[in-house]
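1. what would the 3D arrangement of this be:
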Amino acid sequence: MIDWNGYRDQVLQGVGALGHISPEITRGYAAISAAGKKTNHLDEKTRELIAAACAITLRCDGCISVHTKAALAAGATKEELAEALGVAIGLNAGAALVYSTRAMDAFSAAAE
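-> The predicted structure is shown next:
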């Protein structure tokens, strides 16, 4: 298994180094990340559980590492995370099903 704590530290160091070279990129990312918090329609735990589920669909280990730790810090339980990840699993399966129709269509078009 991955050393998630060490990996998260490495990712954050890399992002920090990029920020020194191109600060506008990291400032822009921070502004986008903070925008959702300003409405306060969702609490921090819910936002982090959604972020963790999105990280699964994007297959981003850095996001998984950062947002699972943030979800834990916001009070999420392992069971809540598992439920959020179940939504991501369902979404990925649904997306594969929908995109399978595209493959079938492409196959039919190629056969014409």
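
2. when you work out contacts or count neighbours from here on, use the C-alpha atoms and nothing else.
-> Noted.

3. how far off centre is the helix ranked longest in the chain?
-> Determined from DSSP state H, the single longest helix within the chain is helix 78-111. Chain-centre distance of helix 78-111: 16 Å, with Cα atoms, centre = their mean, to the nearest Å.

4. what's the answer for stretch 57-73, then?
-> The answer for stretch 57-73 is 6 Å, by Cα atoms, centre = their mean.

5. report the buried residues of the helix or strand bottoming out on mean pLDDT in the chain.
-> The helix or strand of the chain with the poorest confidence is helix 23-35; it has a mean of 93 (mean pLDDT, DSSP states H and E). Neighbour-count burial for helix 23-35, counted by 16 or more other Cα atoms under 10 Å, picks out residue 26.

6. so what touches that helix?
-> Helix 23-35 is contacted from outside by 15, 18, 19, using Cα atoms under 8 Å, 6 or more residues apart in numbering.

7. what helix or strand does the closest residue to residue 67 other than its chain neighbours sit in?
-> Leaving aside its sequence neighbours, residue 67 sits nearest to residue 52 (Cα to Cα, 6 or more residues apart in numbering; 5.3 Å). Using DSSP states H and E, residue 52 sits within helix 44-58.
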